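Asker: take this sequence and fold it.
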Amino acid sequence: MSDLRLNRRLLLTAGSGVLGVTVLNTVTGCSDTPKGPAKRPASSAVPPAPAASGNVTGDWRRVDLEYVSVYLLIRGGEVAVVDTGNPGSGESVEQGLTAAGLKWDAVKHVFLTHQHQDHAGGLAEIVPRVPATLYAGVDDISSINAGGKTLKPVKDGDEVFGLQIIGTPGHTLGHVSIFEPGTGVLVAGDALRNLNVLEGAAPLYTADQTQADASVKKLAGLDVRAILPGHGKPLTVGAREALQQLAARL
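Answerer: Numbers count the residues shown, from 1 in each chain. Below you'll find the predicted structure:
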């Protein structure tokens, strides 16, 4: 995985399902308090990562909005978008799709990890552009503006698009994380942060810290090979070990 500084620190990062699987040539592109609408990224190519053994076919892209991230999980010609950023983030998400050689009509699924504005605020803008089914944790749905479209409730153990829904309540009561067993990619929303070091949910913004800590321990039981957090950089080296160490401290 590579990072490239672009246009006022707004970046699109390309990555594959796990560290070491070949990354396609692509354009690359957080704090808990949003700082405003996303800025439009510039375009620039980055070299592919080294190839590795294994038959993992998943590809992911990070749309870095500086204060929070949106993730694109690409499987063939279809895309699942995880989280939508603040209102005004639609153009940046579109840039991420374009960098991957895709358009809005490739987005078949949109997952919201939780109800907070910096993760769900861009949904109403994106809804008219995509032929997607929208998903959120059952206990957060009533607090999300879906732009007039119905949100489908998901819960722990559900599977969509080959992705497992992991119930990770605490930061919000309906918080969910998205896990792909075949690649070990975990999109953690705000259940995990990786600003300077891997941490759990920020206590100041967390509804139930006891539940949040239990969710970290639950995630530590997964075969995680890459952690894609809502805030901070993706962790693609030693992700499982770092998560287990964090869980042991709680």
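Asker: now residue 184: closest residue in space that isn't a chain neighbour?
Answerer: Spatial nearest neighbour of residue 184, excluding adjacent residues (CB to CB, 6 or more residues apart in numbering): residue 225 at 3.0 Å. In short, each C-beta sits where N, CA and C put it, glycine included.
Asker: so what strands line up beside the longest strand along the chain?
Answerer: Counting residues, the longest strand found in the chain (DSSP state E) is strand 185-194. Applying DSSP bridges to the sheet, strand 185-194 is found paired with strand 176-180 (antiparallel), strand 198-200 (antiparallel), strand 226-232 (parallel).
Asker: any regions of this protein where pLDDT drops low?
Answerer: 1-57 (pLDDT under 70).
Asker: who does the closest residue to residue 176 other than its chain neighbours bridge with?
Answerer: Distances taken as CB to CB, 6+ apart put residue 137 closest to residue 176, at 4.3 Å, once the chain neighbours are dropped. Assessed by DSSP bridges, residue 137 has beta-bridge partners residue 154.
Asker: so what's the residue count around residue 137?
Answerer: 28 (other CB atoms under 10 Å).
Asker: which residues touch it?
Answerer: 112-114, 153-155, 167, 169, 172-176 (CB atoms under 8 Å, 6 or more residues apart in numbering).
Asker: try 10 Å this time
Answerer: 111-115, 144, 151, 153-156, 165, 167-169, 172-177, 189 (CB atoms under 10 Å, 6 or more residues apart in numbering).
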